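Student: Got a predicted structure here, sequence first:
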Amino acid sequence: MNGSYTLTYSPMGDRALLIQWPSRIDTAIIEDIWRLRSALVDPLIVDYIVAYHSLTLVFLAAQKDFSPWIHWVQERYADTSNREKTEVPRKEIVLPVYYNTKVAPDLERYLEHKKMSLSEMIRLHTQPRYTLFFYGFQPGFMYLGGLEAKLVHPRKEKPSAQVRSGSVAIGGAQTGIYPHTAPGGWHVIGHCPLVLFDPNLSNPCVAMPGDLIRFRSIELPEYHRILEIPRLKKNELSRD
Amino acid sequence: MIEVIKPGVYSSVQDQGRFGYAVLGVPPSGALDGISFRLANAVLGNNSDDAALEITFGGAEFKFTVDTSIAITGGDYTASLNDCNVPMNQRIPVAKHDVLRFGPRKTGVRTYLGIQGGILTEKMMGSRSFYPSITPEFRINRGIFIPIHSLENNRISIDKSIENTLLNQVCSTDFDQSIPLELKAHVGPEHSLLHPLERLNLTGVFTVGRNDRMGYLLQESVPNQIPPIHTSSALPGTVQLTPAGQLIILMNDGQVTGGYPRIFQLDETAKDMLSQCAQGQKIKFVPIT
């Protein structure tokens, strides 16, 4: 079902055009967004912001009138729907996580609230192949879809002043990793020893939107071993 | 090089910004007051994307280790070179060992120090604009040396026409601080979800609260019943309204996605002018129809 949604167009000022899909979190919609995005290449578009049900085109300079652009997008969108849907093979990225109270300040309280054993939580958290919907909030912060319903837990009422980089956390129906130390309202349940955002690399992030993410539980010796690997070699580990 | 004797309250290197990486969650950054930034480069005959120093609330002091030329634009903090006052918006020749100092505030918040040929710190992901986690530093620190050309390596060709066009444009710090500053704003994607009374409440006068390169908070709240939205895009100049009624105006270091309804999108000139407003300044949104 590609290229067949009713899209709405709203300018955001005179430098950006917001394209919206029906307002829901849905892998079919995000796939449709990625497909249209790759068909919208123009030297006057300097940035694309992808979110759950929207694509925002950011332009190099102010546009007096967006109607020619809207017309262009509509044409491209019709093209994508006329074409046979081609299955893009998705990469699977595996991220090692050490689930332990020593590195996860909220783990104990989380398990208490959920009345769940650590091994059950690890099983549920490492089982799904999460879809990387988009990056936002911070450079390299993944919005992942697919958290097991039993693990859903409301965000903290008062955010922690500092969540360490690499912290694997659950907030509401979402799970993810903080790539940089920052204040945050999610419950930290583990730690990933990889570098998740490195501006020195041509691909600063370990995965691209559309990839599938899996978490793999590791024990202390492996956690320490990975922490000691030089920064640049580390991310080769994010494959099977 | 420029030796940083005093970094001031908050100073950073900024160019026009970092583009092409929003899909990875990277904000555009870049000079908050684009008008003043472009003027600094124009009076020096620089390229429009050459990097300048953005100095917040003055207090900075620099010593030059080479001959060069500078231009000071934006917020006026009584700049002096070797204790002699120097004018704004003009090319000023500087000699090796000269000391540039910023004094008491006259206007604005952010001063741009343009340098002949631009500042030469390392480009990260296509831009020199400082941003934590992307550039090695996110602010200028005391005692560091900022790399610049020495004038011998530079041919000066100043295009007077660009300079005059910019000077004739609205100056982003030239407003009466005692009356509400009118900010031109396009309606945002969620503006239509406001009730008429909520819309009316947004026509009032607001007071600038805490602010930084990520965003400006406004002090008055606007109670509202806007239904929650899924996380979507946010841009510099996007005005968000939280369920608790807080108005947030995102600036250049603000996050690229957000979960709050977007009520307005500031006109670019209005965003530049807002970046010259200090806490306590009264503002008013003027919708563009």
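Tutor: All right, it came through fine. Numbers count the residues shown, from 1 in each chain, chains lettered A, B, ... in the order given.

Student: Give me the nearest residue to the residue in the stretch 1-150 of chain B positioned nearest to chain A, chain neighbours excluded.
Tutor: Proximity of the stretch 1-150 of chain B to chain A (Cβ to the nearest Cβ) peaks at residue B:25, 3.6 Å away. (Each C-beta comes from the backbone N, C-alpha and C, glycine too.) Sequence neighbours aside, residue A:135 is the residue nearest to residue B:25 in space, at 3.6 Å (criterion: Cβ to Cβ, 6 or more residues apart in numbering or on different chains).

Student: Quick check: beta-bridge partners of the one you found?
Tutor: residue A:142 (DSSP bridges).

Student: how near is it to residue B:229?
Tutor: 19 Å (Cβ to Cβ, to the nearest Å).

Student: what's the longest helix in chain A?
Tutor: helix A:67-82 (DSSP state H).

Student: So for that one, what gets flagged as buried?
Tutor: By 16 or more other Cβ atoms under 10 Å in any protein chain shown, the buried positions in helix A:67-82 come out as A:69, A:73, A:76-77, A:80.

Student: Local confidence estimate at residue 128?
Tutor: In the absence of a named chain, chain A is used. Looking at residue A:128, its pLDDT is 96.

Student: my bad, chain B
Tutor: Looking at residue B:128, its pLDDT stands at 98.

Student: Could I get the phi/psi values of it?
Tutor: As for residue B:128, its main-chain torsions (degrees, to the nearest 10) stand at phi -90, psi -10.

Student: Setting aside sequence neighbours, what's the nearest residue to it?
Tutor: With sequence-adjacent residues excluded and distances taken as Cβ to Cβ, 6+ apart, residue B:128 is closest to residue B:51, at 4.2 Å.

Student: show me the contacts for that neighbour.
Tutor: Contacts for residue B:51 (Cβ atoms under 8 Å, 6 or more residues apart in numbering or on different chains) come out as B:13-15, B:118-121, B:128-129.

Student: Could you dump these into JSON lines with neighbour count and secondary structure added?
Tutor: Shown next, in JSON lines, are these (neighbours: other Cβ atoms under 10 Å in any protein chain shown; DSSP: H, G, I helix; E, B strand; the rest coil):
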{"residue": "B:13", "neighbour count": "24", "secondary structure": "strand"}
{"residue": "B:14", "neighbour count": "28", "secondary structure": "strand"}
{"residue": "B:15", "neighbour count": "25", "secondary structure": "coil"}
{"residue": "B:118", "neighbour count": "21", "secondary structure": "coil"}
{"residue": "B:119", "neighbour count": "20", "secondary structure": "strand"}
{"residue": "B:120", "neighbour count": "16", "secondary structure": "coil"}
{"residue": "B:121", "neighbour count": "19", "secondary structure": "coil"}
{"residue": "B:128", "neighbour count": "24", "secondary structure": "coil"}
{"residue": "B:129", "neighbour count": "28", "secondary structure": "coil"}
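
Student: which residue ranges form the helices in the stretch 51-200 of chain B?
Tutor: Secondary structure of the stretch 51-200 of chain B by DSSP state H, counting those that start in this stretch: the helices cover B:160-168, B:196-201.

Student: Of the ones you listed, which shows the lowest average pLDDT?
Tutor: Lowest mean pLDDT within the helices of the stretch 51-200 of chain B: helix B:160-168, at a mean of 61.

Student: Would you mark the buried spots in the next helix or strand after the longest helix of chain A?
Tutor: With elements assigned by DSSP states H and E, the helix or strand that comes after helix A:67-82 is strand A:92-97. Across strand A:92-97, burial judged by 16+ other Cβ under 10 Å covers A:93-97.

Student: for strand A:92-97, packing partners?
Tutor: Applying 3 or more Cβ pairs under 8 Å, 6 or more residues apart in numbering or on different chains; DSSP states H and E, we find strand A:92-97 packed against strand A:212-217, helix A:220-228.

Student: Look up which residues are beta-bridged to residue B:238.
Tutor: Beta-bridge partners, per DSSP bridges, of residue B:238: residue B:265.

Student: what do you get for residue B:183?
Tutor: Beta-bridge partners for residue B:183, by DSSP bridges, are residue B:285.

Student: burial count for it?
Tutor: Neighbour count for residue B:183, taken as other Cβ atoms under 10 Å in any protein chain shown: 22.

Student: any chance you could map the strands in the stretch 101-250 of chain B?
Tutor: Remark: strands assigned in the stretch 101-250 of chain B by DSSP state E, counting those that start in this stretch are B:107-115, B:145-146, B:181-187, B:205-211, B:215-218, B:232-233, B:238-241, B:247-250.

Student: what lines up beside the fifth one in the sheet?
Tutor: For strand B:215-218, the pairing partners within the sheet under DSSP bridges are strand B:205-211 (antiparallel), strand B:247-250 (antiparallel).

Student: nearest to residue A:166, of the ones you listed?
Tutor: Checking the strands paired with strand B:215-218 against residue A:166 by Cβ to Cβ gives strand B:247-250 as the closest, at 26.8 Å.

Student: Quick check: mean pLDDT of that closest one?
Tutor: Rounded mean pLDDT across strand B:247-250 is 97.

Student: roughly how far is that strand from the heart of the chain?
Tutor: 15 Å (Cα atoms, centre = their mean, to the nearest Å).

Student: so how far is residue A:205 from the residue of the stretch 1-150 of chain B closest to chain A?
Tutor: As judged by Cβ to Cβ, residue B:25 and residue A:205 stand 8 Å apart.

Student: and what of residue B:182?
Tutor: Applying Cβ to Cβ to residue B:182 and residue A:205 gives a distance of 41 Å.

Student: who has more neighbours, those two?
Tutor: Per other Cβ under 10 Å, whichever of residue B:182 and residue A:205 has more neighbours is residue A:205, with 25 against 13.

Student: Can you tell me the closest non-neighbouring residue to that one?
Tutor: Once flanking residues are discounted, residue A:205 sits nearest to residue A:140: 5.0 Å by Cβ to Cβ, 6+ apart.

Student: Quick check, residue B:248 in contact with residue B:216.
Tutor: Yes - if you go by Cβ atoms under 8 Å, residue B:248 and residue B:216 touch, sitting 7.3 Å apart.

Student: Mind checking which of the two has more residues around it?
Tutor: Under the neighbour definition other Cβ under 10 Å, residue B:248 and residue B:216 were set side by side, and residue B:216 has more, 26 against 21.

Student: from memory the more buried one sits against residue B:251, does it?
Tutor: Yes - using Cβ under 8 Å, residue B:216 makes contact with residue B:251 at a distance of 6.6 Å.

Student: what's the neighbour count on the residue of the stretch 101-250 of chain B found nearest chain A?
Tutor: Proximity of the stretch 101-250 of chain B to chain A (Cβ to the nearest Cβ) peaks at residue B:233, 3.8 Å away. Taking other Cβ under 10 Å as the criterion, the count of residues near residue B:233 is 29.

Student: so it bridges to which residues?
Tutor: Per DSSP bridges, the residues bridged to residue B:233 are residue B:257.

Student: Looks like it contacts residue A:51 (just checking).
Tutor: Yes - counting by Cβ under 8 Å, residue B:233 does reach residue A:51; the two are 5.9 Å apart.

Student: Give the burial count for residue B:184, as a bare number.
Tutor: 17.

Student: Now do the same contact list for the closest residue to it other than its chain neighbours.
Tutor: Setting aside the residues directly before and after it, residue B:184 is nearest to residue B:267 in space (Cβ to Cβ, 6+ apart), at 3.9 Å. By Cβ under 8 Å, 6+ apart, the contact set of residue B:267 is A:13-14, B:183-186, B:237, B:288.

Student: so how far is residue A:201 from residue A:153?
Tutor: 33 Å.

Student: of the two, who's got more company?
Tutor: Per other Cβ under 10 Å, whichever of residue A:153 and residue A:201 has more neighbours is residue A:153, with 19 against 13.

Student: How confident was the prediction at the more buried one?
Tutor: The model reports residue A:153 with a pLDDT of 94.

Student: Got the domain ranges for chain A?
Tutor: Residue ranges for the domains of chain A, per automatic domain parsing: A:8-82, A:92-238.
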